[in-house]
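**Student:** below is the sequence, then the predicted model.
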Amino acid sequence: MESKLHISVSPHIRSKRNTRNIMLDVILSLLPATAAGIVLFGGSAVAVVVTCIAAAVLSEGFFNLIIKKEQTVNDLSAVVTGLLLALNLPANIPLWQAVIGSVFAIVIVKCFFGGIGCNVVNPAITGRVFMLIAFGSMAQAAFPVDSASAATPLVELSQGNVPDLLELFLGKNGGAIGETSVLALLIGGIYLLARGVISWHLPVAYIGTVFLFTLAVQGDLTVTLAYIFSGGLFIGAIFMATDYVTSPSTPAGKLIFGIGAGVITVLIRLWGNYPEGVSFAILLMNILNPFIEKWTPRKLFGGKKA
Amino acid sequence: MKKNSNISVLFKGLLLENPVFVLVLGTCPTLATTQTVIGAFAMGIAAMVVLICSNVVISLLRKVIPDTVRIPCYIVIIAGFVTIVQMFMHAYLPELYELLGVYLALITVNCIILGRAEMFASKNSVAKSALDGVGMGLGFTLALLAMATLREVFGSGSFAGMEIPFLKDHTVDILTQAPGGLLVYGLLIFAVTAITQGRAPKKTSFGCEGCPSAGNCSACAEKEEN
């Protein structure tokens, strides 16, 4: 007879959330930005997105097959990595480069370190940084919407031209596929907040720090807003920096992470060699993440005050 | 294959005890001179010549050199051969001399050469030490060539200066830079470990004998106290 009394160790309450439906939420929240990218950049954007997702999923599948590991493709995290990487690439990038970047992100950054949950740094960000260094032409990350605006807004800003704020907000400017439309990214971010996938701490601290630091240096609100709305700040702060594996788990830690990333971003943007610093900033903070976690330990429920 | 037979002494340097991919010695020239196949080949041959000569001489003198000052003695012998190779290249192969630059002189402090002197030549016969030099030298050269081939073919789209039609339009620039060198290095160590799994000597099997600072570190002091 089967006993009705089950004795088991904790956890006793299980939620329905799992990796797969969190990843599904992230994909859904990225759809507005993807759609905006396709509207702005046309068919070549579709090709880059499809290529990156296919390369990411296939390489994870094959890797697990070769080393006889449990298949993890179904948790959709490879789709998220592929999609995020694609949204961080210019639409005119040669597709073979997109494939190499995706395979690098999945195999070297994620699978070699033990797969999902074990990677030290965010695969999509590292894939982008790798491509930035690997392919010289990526450095500009420019794709002209019309022939007149070949440079990305950050390049124009560094030359002293202030682009139209509304156009920046909607995304009518050069840049990577998914990073230009702040409006679409905000919609996705609000969806993630509402679903409880991310908390507000990290994005707000990150964007806030960039805002205050840039304002302090530039001293002009319009210029500062132009800096905030251009480049990869919003996609980085909302979607890349908030990766569970590579960002702190406590609110205090998230604030530290956000402020640190914000400071590094502004330093690179205003004084560095590269026009954009978001991916480098997030990568560096990813590496510092274990230390931040150490400084901001989680208080145990019912535990003594430290 | 017997552990110390002549054949195993000769061939262990190629894969099982490859100085670069298994012993992880001499990483500085490995990373610095493998952007081009020609540079890597020249570096490998130069180091091999020095390695064979120094192994032979150190083995000849192994009963003469006092234990307490052996490292300076080895370095003097190695530096002597490096100077000969350097002058020879300067005279007859000036282009390669320019290409290798400071790394030619740095062969003196190449850990592979000092490591083999300490680990092998100082304990074995002249003939075996010469064979060890040939094997390790070939292993070093092959390792450099493997790295340089990957880096030049995919990083610059050429092989030994000859352009490869399709690849020269599809180069991965990072491979010619330092991070790319480390990346290729890591991947090749991974490949070699995968091939030699279980057969490569475990690190601990070298013990204090293989350690360049043998007898002078805290671990050895503790051992002596016990």
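**Tutor:** Right, received. Where do you want to start? Numbers count the residues shown, from 1 in each chain, chains lettered A, B, ... in the order given.
**Student:** now stretch B:125-142: buried residues?
**Tutor:** B:128-142 (16 or more other C-beta atoms under 10 Å in any protein chain shown). Bear in mind the C-beta positions are built from the backbone N, C-alpha and C, glycine included.
**Student:** identify each of the helices in the stretch 201-306 of chain A and give its residue range.
**Tutor:** A:201-218, A:221-229, A:233-235, A:251-271, A:278-295 (DSSP state H, counting those that start in this stretch).
**Student:** possible to save those as CSV with distance to B:D67, mean pLDDT and mean neighbour count?
**Tutor:** Shown next, in CSV, are the helices of the stretch 201-306 of chain A (distance: least, C-beta to C-beta, whole Å; pLDDT from 0 to 100; neighbours: other C-beta atoms under 10 Å in any protein chain shown):
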stretch, distance to B:D67, mean pLDDT, mean neighbour count
helix A:201-218, 60, 93, 20
helix A:221-229, 67, 87, 18
helix A:233-235, 64, 91, 28
helix A:251-271, 53, 92, 21
helix A:278-295, 45, 92, 20
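**Student:** who wins for proximity to chain B among the ones you listed?
**Tutor:** Closest approach to chain B among the helices of the stretch 201-306 of chain A is made by helix A:278-295 (12.6 Å; C-beta to the nearest C-beta).
**Student:** any bit of the closest one sitting next to chain B?
**Tutor:** No. Remark: helix A:278-295 sits outside contact range of chain B, by C-beta under 8 Å from any C-beta of the partner chain, the gap being at least 12.6 Å.
**Student:** and the angle from that helix to helix A:251-271?
**Tutor:** For helix A:278-295 against helix A:251-271, the angle between stretch directions is 150 degrees (axes from the mean of the first three to the mean of the last three C-alpha atoms, to 10 degrees).
**Student:** enumerate the residues of chain A near chain B.
**Tutor:** Going by C-beta under 8 Å from any C-beta, the residues of chain A near chain B are A:P94, A:W96, A:I100, A:I108, A:F130, A:I133, A:A134, A:F135, A:G136.
**Student:** buried ones among those residues?
**Tutor:** A:I100, A:I108, A:F130, A:A134, A:F135.
**Student:** of all these, which comes closest to A:V49?
**Tutor:** Using C-beta to C-beta, A:I100 comes nearest to A:V49 of these, at 16.2 Å.
**Student:** retrieve the pLDDT associated with B:A219.
**Tutor:** Listed pLDDT for B:A219 reads 59.
**Student:** same thing with A:S77?
**Tutor:** Reading off the model, A:S77 has pLDDT 90.
**Student:** that one - how many residues pack around it?
**Tutor:** The number of residues packed near A:S77 is 27, by other C-beta atoms under 10 Å in any protein chain shown.
**Student:** does the nearest residue to it once chain neighbours are set aside sit in a helix, a strand or a coil?
**Tutor:** Of all residues not flanking A:S77 in the chain, A:I116 sits nearest, at 5.0 Å (C-beta to C-beta, 6 or more residues apart in numbering or on different chains). Per DSSP: H, G, I helix; E, B strand; the rest coil, the local secondary structure of A:I116 is coil.
**Student:** next one: stretch A:192-201 to chain centre, how far?
**Tutor:** 15 Å (C-alpha atoms, centre = their mean, to the nearest Å).
**Student:** give me the contacts around it.
**Tutor:** A:I22, A:D25, A:V26, A:S29, A:G189, A:I238, A:T242, A:P251, A:K254, A:L255, A:G258 (C-beta atoms under 8 Å, 6 or more residues apart in numbering or on different chains).
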